[in-house]
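> Have a look at this prediction, sequence included:
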Amino acid sequence: MSDSPNPTAATGAGARQLLGMKGAGGTSNIWKIRLQLMKPVTWIPLIWGVLCGAAASGNFHWSWGEVGASFACMLMSGPLLAGYTQTINDYYDREIDAINEPYRPIPSGAIPLGQVKAQIWILLIAGLAVAYGLDLWAGHQTPVLLLLALGGSFVSYIYSAPPLKLKQNGWLGNYALGASYIALPWWAGQALFGQLTWTTALLTLAYSLAGLGIAVVNDFKSVEGDRALGLQSLPVVFGIERASWISAAMIDGFQLAMVAVLIAIGQHFAAVLLVLLIVPQITFQDIWLLRDPVAFDVKYQASAQPFLVLGMLVTALAIGHSALVLPSASLPLPL
């Protein structure tokens with residue numbers, strides 16, 4: 001029997017706690033607390049990014065071995081390394097969270113800092129071990145997956161930790177976050193099943209500018225703490241209204257740039273599909289994001305982001321099936 005006068009609300013708060021979402025409830029279960037630190041809701045775009053990379057490789061086959069390898073790559077990108085990223089971010093953001101989200105495990109005192117540090121190391125080492133195992137499975141002479149995992153883990157560290165703490169700069173920090181959620185898992189999936197090329201790398205880095213816009217949405221809930229501690233997030237620098245317009249422009253503008261790329265490589269049907277997936281995003285921006293991004297950030301992301309990630313998959317499939325033959329496309333990245 002629930003102690004809450006509103007059992008439905010208590011259940012919702014418990015679900016948000018397990019997913020690491022805004023408005024979470026409390027718990028004394030140490031494993032639920034550890035899961036909350038890892039923010040499972042943030043794993044989804046990385047898992048999807050691996051799927052997009054596998055599709056873009058044009059070389060994925062539905063065999064037991066390749067399906068198993070893809071799941072291992074998703075495990076590496078999502079629960080392990082994204083979990084590492086979120087845990088280390090909470091560790092270094094404990095003062096900000098004490099203002100913005102005092103129910104979070106660290107500022108609430110639900111978990112000792114020593115256990116948080118242990119979780120950071122376990123997730124990092126496990127993620128790197130899986131990356132190296134995937135390189136062995138793929139027969140890579142150069143451990144591409146391990147190098148990508150090391151690079152992504154380093155970016156995650158300097159994003160959260162002083163002295164660099166990239167998140168102090170709204171533009172640089174949000175782009176690092178966007179690239180980590182779009183480009184890196186895409187590269188991992190493509191390198192696992194095919195060959196990562198400069199062309200794909202540049203396209204996904206451009207696509208990551210749309211991810212920058214998504215990262216801005218996450219900043220609206222933290223304006224009070226960011227301002228108090230001097231972090232220059234875009235909502236702090238430009239104000240909430242102007243930052244919401246910047247976010248929408250980045251999300252839409254760089255997806256439309258991908259439409260132009262698809263047309264240029266002869267993938268016209270995919271270009272039309274991508275436009276059709278951008279239209280509802282613009283609609284939800286008008287309904288939620290541009291009206292009150294602080295109150296409606298979760299509703300906006302829940303309604304609009306499925307169309308963004310579907311657009312990523314459409315783009316990846318088009319790239320994988322295109323006859324794109326440019327000089328830069330034929331050169332493997334020297335990883």
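Nice, thanks for sending it over.

> what residue is smack in the middle of this structure?
For the chain, the residue nearest the mean C-alpha position is residue 181 (3.0 Å; C-alpha atoms, centre = their mean).

> Quick check: closest non-adjacent residue to that residue.
residue 45 (4.8 Å; C-beta to C-beta, 6 or more residues apart in numbering). All C-beta spots, glycine's among them, are computed from the backbone N, C-alpha and C.

> quick one: contacts of the helix or strand where that neighbour lies?
Per DSSP states H and E, residue 45 falls inside helix 43-57. Helix 43-57 has contacts (C-beta atoms under 8 Å, 6 or more residues apart in numbering) with 60, 70, 73-74, 77-79, 81-83, 181-195, 200, 305, 309, 312-313, 315-317, 319-320.

> Helix or strand next in line after that helix, which one?
As the chain continues past helix 43-57, the following element, by DSSP H and E, is helix 64-75.

> Tell me the first helix or strand C-terminal of that following helix.
Following helix 64-75 toward the C-terminus (DSSP H and E): helix 83-92.

> which secondary structure elements does that next one contact?
For helix 83-92, the packing partners by 3 or more C-beta pairs under 8 Å, 6 or more residues apart in numbering; DSSP states H and E come out as helix 30-38, helix 113-138, helix 144-160.

> Check the offset of the helix or strand where residue 252 lies from the chain's centre.
Assigned by DSSP H and E, residue 252 belongs to helix 240-264. Averaged C-alpha coordinates place helix 240-264 at 17 Å from its chain's average position (C-alpha atoms, centre = their mean, to the nearest Å).

> quick one, what contacts the residue nearest to the centre of the chain?
Applying C-beta under 8 Å, 6+ apart, the residues near residue 181 are 42, 45-46, 49, 208, 211, 214-215.

> if we can go back for a sec, what's the angle between the helix holding residue 45 and helix 64-75?
Relative orientation of helix 43-57 versus helix 64-75 (axes from the mean of the first three to the mean of the last three C-alpha atoms, to 10 degrees): 140 degrees.

> got the angle for helix 43-57 vs helix 83-92?
Using the same axes, to 10 degrees, helix 43-57 lies at 140 degrees relative to helix 83-92.

> Give the buried residues for helix 43-57.
By neighbour count on 16 or more other C-beta atoms under 10 Å, the buried set for helix 43-57 is 43-57.

> Stretch 157-166 now?
Under 16+ other C-beta under 10 Å, the buried positions of stretch 157-166 are 157, 159-160, 165-166.

> could you redo those residues as JSON lines and give each row pLDDT?
Output for the buried residues of stretch 157-166, formatted as JSON lines (pLDDT from 0 to 100):
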{"residue": "157", "pLDDT": "97"}
{"residue": "159", "pLDDT": "95"}
{"residue": "160", "pLDDT": "94"}
{"residue": "165", "pLDDT": "91"}
{"residue": "166", "pLDDT": "93"}
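
> from those, which is closest to residue 246?
Of all the buried residues of stretch 157-166, residue 166 has the smallest distance to residue 246: 18.0 Å, by C-beta to C-beta.

> isn't that closest one right next to residue 179, touching?
No. Assessed by C-beta atoms under 8 Å, residue 166 is found out of contact with residue 179, at 11.1 Å.

> what is in contact with the two at once?
With C-beta under 8 Å, 6+ apart as the test, residue 166 and residue 179 both reach residue 155.

> JSON lines for the helices and strands packed on helix 83-92, including distance to residue 245?
Below are these laid out as JSON lines (distance: least, C-beta to C-beta, whole Å):
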{"stretch": "helix 30-38", "distance to residue 245": "32"}
{"stretch": "helix 113-138", "distance to residue 245": "36"}
{"stretch": "helix 144-160", "distance to residue 245": "25"}
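
> What segments of the stretch 201-335 of the chain are helices?
Assigned by DSSP state H, counting those that start in this stretch, the helices in the stretch 201-335 of the chain fall at 223-229, 234-238, 240-264, 268-284, 293-321.
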